[in-house]
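sharing a model prediction with you, sequence too.
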Amino acid sequence: MKEGSCRRTGAFSSLFLVFLACLALLPAVSHAQTPAGGGNDAPAEKPGAFSALMDAIDSGSRMLIDQIQPGKERDLVDNPRFNSQESPRHSLMTIVEAMALVARGHESVGYERALRSLPEGASREDARNIHEILLRLGPLSAVQLPGPRQVEESGDRRFEFFPRGADHAWVWEAADPPADAVIALATGADGRWTMTERTIEGAPDLLESLAALPPRYDQSDSGQLFLEVFAPLIQETGIIGWIAFIAVTIGAIAAGILFSKALHWAARRAENLDQRFMASTLRGLGVSGGLVVFTAIFTVAIGFLELGSVLRGLRYEIPRVFMIIASAMFIISLIDVVSAFVRERVGEDGSHYDRMVVTMIRRILRIFIIALVLMFLFQNLLGVNIGALLVGFGFVALALSLAAQDTVKNVFGAVSVFINRPFVIGDWIVFKGEAGEHIGVIKDIQLQATKLLDLNGNLITLPNMLFIDREVQNLSARGHIRREVNIAVPYGGTAEDIDNAMEAMREAFNDPDVIEDAMAKDRDGEPHVSFSDFKESWLALRGYHYYYMGEEAETQRETDRGWFSYLDHCSLVNRKIVEKFQERGLEFAFPTQTVVLEKDDPGPA
């Protein structure tokens, strides 16, 4: 389609244009394209379909702003920005500006100005060819072209616009221009800069080789790129095409949802049959597979749209984006399935630390896959320079690390917990935090904080930096608990009563039921009872007995015993002590107060 051939197609087309122009209010996407003559040795990026779409939306935003912003538009017929050949900048920009006038219907004045930048004998067709080539090698920016001062300082008599090494490396990747293709200007005896004869002769072949590249306008295009990109979509698709596109797209969405629900139903059936790994696999396939089904049918829907030469690549880029996302989702679900399988196998004959390592590796792999997909999408579809982006993130991270030192400390705290292993997920700990002492089970260990569920059911978030310089009492790492029991007997008893009370405590500690419940048989820790102290109102007896968490060398985290089973054991021991005291007719001391009433002697009457 030739530039400027767009025409109105009714209210629908106008509204659609305004809608697409409004999309430009979205955040701008930075591109890694190096401007011609920018002096950057890094190879310029090839403009892709998504990049062209962003440029077109940006162009539409400028067109919309020109429509709603008050102000008088510059009359380029009587007051042109460029209309001379005093430098390569003026000659090239005169061609672009003059041909824009031709597109607006001012053919006579437009061609007259454009032909001044061409050699003697050049035709209007030559001007059109040069203009189309410049648009496809653009965007052309006046500030990047040598002006009169630069020409005078350098003394150059010839300027080669194309090819320019790394600046046009993307052209050779996207097209196959002739080996001798050149766009050059030279100055004559009169000081005017005009296109060389070789440039004019090779222009038709060069333009034919660049025909597949979209035109690229500068920041003052006033919506030309927008119209160039979206005019075919509006004018040539037709009502039937739009109806078919919408219908097939709805069908694609429905098919994707049905496929996903079908696999979720199969996953529930697998769970009922105790096939957990199969259920997890089917559930992961349900999401990613549903997206694949949608993508396959949506690819057919796109075929009903006439995208034009600029957006034609979207017919392949959009399905590729969806397939990449679907693949990433499937890989993430596969990572979850494998980690669950490994965690269960480790749970049978491994340690809790091994399970925590599996969880950490799972999280790292998920983050890695997501980051990889995002980098691929940004670099290959949106044209973002990932290297420059990572360097920028490095400086940002450095600034944030200085401003948010607590965040960095929390990360190092997480590393410290992971390396030193004061606790693992599932452990019961006692920790003195900012709000007091916390007793509970570790539910999760994250980079910034650790989640603890206390005995009251409260989920407490503890910053990881607190674990660097504070004590942590790990209850799950203990193999046994030594309990202290204090008994009070009254002062009125004899020494034999004290011996009987101590023997009653020993019998309670060594009762077969107590020994079995404590798993204390043939263990090194023997119960011990002593006459410990004289108190104000009673004699104090102190005893110690042991409660073991499992077999020899087993800790609490390796068994199903814990705090509540220990409390049950304490109740059993206390009951046995009461029974033994009752059998021996012994009493427990308790605080008493004796009041003595004395009658006053009234004396002789």
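Thanks, I have it.

CA atoms for contacts and neighbours, from now on please.
OK.

kindly provide the distance from residue 366 to residue 333.
The spacing between residue 366 and residue 333, counted by C-alpha to C-alpha, to the nearest Å, is 9 Å.

no, scratch that, I was asking about residue 445
21 Å.

so between residue 366 and residue 333, which is more surrounded?
When residue 366 and residue 333 are compared for neighbours, residue 333 comes out ahead with 22 against 19, by other C-alpha atoms under 10 Å.

now do the contacts for that one.
Residues in contact with residue 333 (C-alpha atoms under 8 Å, 6 or more residues apart in numbering) are 280, 281, 284, 285.

now do residue 414
Residue 414 is in contact with 445, 446, 447, 448, 449, 464, 465, counting by C-alpha under 8 Å, 6+ apart.

show me where pLDDT drops low in the stretch 51-200 of the chain?
Across the stretch 51-200 of the chain, residues meeting the criterion (pLDDT under 70) sit at 51-76.

quick one: the strands in the protein?
All strands of the chain, identified by DSSP state E, fall at 158-162, 183-187, 193-195, 428-433, 436-445, 449-454, 459-463, 472-474, 480-489, 528-534, 539-548.

how about the nearest residue to residue 248, chain neighbours excluded?
In space, and not counting its chain neighbours, residue 248 is closest to residue 301: 5.4 Å by C-alpha to C-alpha, 6 or more residues apart in numbering.

thought residue 551 was touching residue 480, still the case?
No. Residue 480 is beyond contact range of residue 551, at 10.1 Å (criterion: C-alpha atoms under 8 Å).

the two: which is more packed in?
It is residue 480, of residue 480 and residue 551, that has more neighbours when counted by other C-alpha under 10 Å, with 22 against 13.

what number of residues lie near residue 157?
When neighbours are defined as other C-alpha under 10 Å, residue 157 has 13 of them.

any idea how far residue 119 is from it?
According to C-alpha to C-alpha, residue 157 stands 15 Å off from residue 119.

next one: residue 557
With the distance defined as C-alpha to C-alpha, residue 557 ends up 89 Å from residue 119.

which one's more surrounded, the two?
Set residue 557 next to residue 119 and count neighbours by other C-alpha under 10 Å: residue 557 wins out with 22 against 17.

once you drop chain neighbours, what's closest to the more buried one?
Leaving aside its chain neighbours, residue 557 sits nearest to residue 476 (5.0 Å; criterion: C-alpha to C-alpha, 6+ apart).

what does stretch 569-584 contact?
500-501, 504-505, 507-509, 511, 514, 517-518, 547, 587.

rerun that using 6 Å as the cut-off
For stretch 569-584, contacts defined as C-alpha atoms under 6 Å, 6 or more residues apart in numbering pick out 504, 505, 508.

same question, stretch 103-120
By C-alpha under 6 Å, 6+ apart, the residues outside stretch 103-120 that reach it are 4, 91, 95, 98, 99, 101, 102, 194, 195.

same thing but 7 Å
Under the criterion C-alpha atoms under 7 Å, 6 or more residues apart in numbering, residues 3-4, 83, 85, 91, 94-95, 98-99, 101-102, 122, 124, 127, 193-197 lie in contact with stretch 103-120.

for stretch 479-494, same thing?
Stretch 479-494 has contacts (C-alpha under 7 Å, 6+ apart) with 538-549, 553-556, 587-589.

what's the offset of that stretch from the middle of its chain?
Relative to its chain's centre, stretch 479-494 lies at 59 Å (C-alpha atoms, centre = their mean, to the nearest Å).

stretch 263-281 too?
That offset, for stretch 263-281, works out to 29 Å (C-alpha atoms, centre = their mean).

name the member of the contacts of residue 414 with the most neighbours.
That'd be residue 464 among these, by other C-alpha under 10 Å, with 26 neighbours.

state the pLDDT value of that one.
Residue 464 is assigned 84 on the pLDDT scale.

tell me how far it lies from residue 367.
Using C-alpha to C-alpha, which is the criterion applied here, residue 464 is 20 Å from residue 367.

and if you look at residue 429?
29 Å.

would you reformat the contacts of residue 333 as a markdown table and include pLDDT, neighbour count and distance to residue 425?
What follows is the contacts of residue 333, written out as a markdown table (pLDDT from 0 to 100; neighbours: other C-alpha atoms under 10 Å; distance: C-alpha to C-alpha, whole Å):
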| residue | pLDDT | neighbour count | distance to residue 425 |
| --- | --- | --- | --- |
| 280 | 76 | 22 | 22 |
| 281 | 76 | 20 | 25 |
| 284 | 76 | 24 | 25 |
| 285 | 80 | 25 | 29 |
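
gap between residue 465 and residue 124?
Residue 465 sits 74 Å away from residue 124, going by C-alpha to C-alpha.
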